[in-house]
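# Fold the following, please.
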Amino acid sequence: MKALALDLGASGGKLLSGSFDGRKLEVKEIHRFKNQPVDTAGNLYWDIPEIYSNLLDGLRKAIPEDFSSFGVDSFCNDYGLLDASGILVSPVYMYRDCRTNGALEWMEQLISPKELFERTGCQRTRFNTLVQLAAQTKASDHGLLETAQSLLFVPDLLNYFLCGVKAAEYTIASVSQLYNRQEERWDPKIIHTFNIPEGIFPGVLPSASILDRARSEILDLTGVKPFSICTVGHHDTASAVAAVPSLEKQFAYISSGTWSLMGTETSEMIISDPAYQFNFANEGGVCGRNRFLKNIMGLWLIQECQRQFAAQGIMRNFEELDEEAEKALPFRSIIDPDDKLFVQPGEMIHKIQARCQDWNQPIPETVGEITRCILESLALAYRITLEKLEEVTGFYFPFVHIIGGGARSVLLNNFAACAMQRPIIAGPYEAAAIGNLCTQFISAGEIEDLSEARCFVRSSFNIHDYLPKEETSWDDAYERFLMIKNNNQ
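Next up, the predicted model:
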């Protein structure tokens, strides 16, 4: 069987073809494109027509693959509004857009954050769909909500373009802060509290469901043969976690990309007081599992600095950044990667330097110093998250899986192993696309279940181990990191 996966990230998208012969998974890149938010009059939007155009280009390039199934995963929370004719009636805001600034504070006057956590399992963050919708009810475009007939998350929207079916897939619905995980439905109390029209939310389908066949117009536009649209883990992290190459039932992972999502799988939600206090999230997983995790800012910091370097004429790829960071002095400067100052794009180098100055640390100036500051700080953020994860779950994790694009960074993997004093199992790099494809194979009956899929991932792709070195310097740096983080709350 051959299938096609679109993995849409916050900095780029890619279509990969996957085949499975009953023993081994093989993946081939078909099409890759950039995806960046468009800044219009101070607001950030996704260029949905451009994304859709690249999807069609990818389908055309995939004709020789003779695929029979298609699935899409992407970042979560962002949505499009459709009118009664099924036309997209507004731009799709990016989750980092400034319209949610200050929204959490006034929302807390209407419903407590603890109640929201207990009803939905979601973390408290300004990116959630609920926060975006609540902000929209107070904005100048609130009338669009009143006239809209449907709300579709980005991957659901792309599927609608392909097959005409309006539906929300379970994993991406579960992170919206609007879906009651206890009752398995859109939460009417939350929706009514914030004056959101209840009728705009579509039905929710589990992962590995068949939506429909692609419309004949799509076949005419691209020249491909008929294919089915499959709901995969539409939230890209859900798809990535489906591809964790673990042979154990209980494991810790970091899905490393623009964000670093660190957590484990559980059979049920964990909504204890410590889970709430540490701002962990419960998110739906492929095949009904619960992803218990925490968001860490991730390689967004590197991406933003890289963009700023390029504007200064300093062109560096990720490997070159690592090389220069390795030459810089260790633990010269440390930051809290989750500092609110780093959330929105622009002037990231200056923001990092300003925070170092605030804490009376040497100011990183060179490419290597800035990169090392970020990577060491991320590794220290992993350590505190692992400690809290083990404290809340009661599990001990003897090693940590790192999957996704960030697993390519040998330097970050080594830093993570040393900071946490745990071996790192790195790979696969295209975890979200691989998990997307595995879910399609499960849907088709080619693979039995998630456990079997993970065994095939383990035997089909290169996995690298990184062992920790016992260095007291990491313990000293961790004490500095804790002081910075505690004072930054």
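
# Which residues are in contact with residue 147?
By C-beta atoms under 8 Å, 6 or more residues apart in numbering, the contact set of residue 147 is 83, 89. For the C-beta atoms, the positions are set from N, CA and C on the backbone; glycine is no exception.

# ok, now residue 189?
111, 119.

# Now do it, the pLDDT please.
Residue 189 carries a pLDDT value of 98.

# Tell me the secondary structure at it.
On the three-state scheme (DSSP: H, G, I helix; E, B strand; the rest coil), residue 189 is labelled helix.

# gap between it and residue 144?
Residue 189 sits 23 Å away from residue 144, taking C-beta to C-beta, to the nearest Å as the criterion.

# starting at the chain centroid, how far to the host helix or strand of residue 4?
Here residue 4, judged by DSSP states H and E, is contained in strand 2-8. Centre-to-centre, strand 2-8 and its host chain are 16 Å apart (C-alpha atoms, centre = their mean, to the nearest Å).

# Now the element after that strand, going C-ward?
Heading C-terminal from strand 2-8 (DSSP H and E), you reach strand 12-20.

# Can you name the next helix or strand after that next one?
With elements assigned by DSSP H and E, the helix or strand that comes after strand 12-20 is strand 25-34.

# And that following strand, how far out from the chain middle?
Its chain's C-alpha centre and that of strand 25-34 lie 19 Å apart, by C-alpha atoms, centre = their mean.

# average pLDDT across it?
Here the average pLDDT along strand 25-34 is 98.

# Buried residues of it, list them for me.
25, 27, 30, 31, 33 (16 or more other C-beta atoms under 10 Å).

# looking at it, residue 301 is touching residue 342, isn't it?
Yes. Look at residue 301 against residue 342 with C-beta atoms under 8 Å: they come within range, at 6.1 Å.

# So these two - more neighbours on which side?
residue 301 (25 against 19; other C-beta atoms under 10 Å).

# coming back round to it: specify the angle between the strand holding residue 4 and strand 25-34 in degrees.
40 degrees (axes from the mean of the first three to the mean of the last three C-alpha atoms, to 10 degrees).

# can you give me the strands in the stretch 301-450 of the chain?
400-403, 424-426 (DSSP state E, counting those that start in this stretch).

# From the opening residue of stretch 66-79 to its closing one, how far?
Stretch 66-79 has an end-to-end distance of 31 Å (criterion: C-alpha to C-alpha, to the nearest Å).

# residue ranges with poor pLDDT in the stretch 1-150 of the chain?
Along the stretch 1-150 of the chain, no part satisfies pLDDT under 70.

# Tell me where it has helices.
For the stretch 1-150 of the chain, helices defined by DSSP state H, counting those that start in this stretch occupy the ranges 48-61, 103-107, 113-120, 129-138, 142-147.

# nearest to residue 233, of those helices?
helix 129-138 (16.9 Å; C-beta to C-beta).

# hang on, the earlier thing: paired strands for the strand holding residue 4, with orientation please.
strand 12-20 (antiparallel), strand 69-74 (parallel) (DSSP bridges).

# just curious, which of the buried residues of strand 25-34 is nearest to residue 287?
Once C-beta to C-beta is applied, the member of the buried residues of strand 25-34 that ends up nearest residue 287 is residue 25, at 17.2 Å.

# burial count for the closest residue to residue 137 other than its chain neighbours?
Closest residue to residue 137 apart from its sequence neighbours, by C-beta to C-beta, 6 or more residues apart in numbering: residue 195 at 5.2 Å. The local packing of residue 195 (other C-beta under 10 Å) involves 14 other residues.

# Then residue 195 would be within a strand, right?
No. Counting by three-state DSSP, residue 195 is located in no strand; its state is coil.

# mind checking pLDDT for it?
94.

# for the one 5 residues further on, same thing?
pLDDT recorded at residue 200 is 97.

# Could you do the one 10 residues further on as well?
On pLDDT, residue 210 comes in at 98.

# residues in contact with it?
For residue 210, the residues meeting the contact criterion (C-beta under 8 Å, 6+ apart) are 228, 229, 230, 231, 443.

# And for residue 327?
residue 368.

# now do the one 4 residues further on
Contacts were defined as C-beta under 8 Å, 6+ apart; by that measure residue 331 touches 376, 473, 476, 477, 480.

# Ok, residue 231 next?
Contacts of residue 231 (C-beta under 8 Å, 6+ apart): 71, 159, 167, 169, 170, 205, 206, 207, 208, 209, 210, 211.
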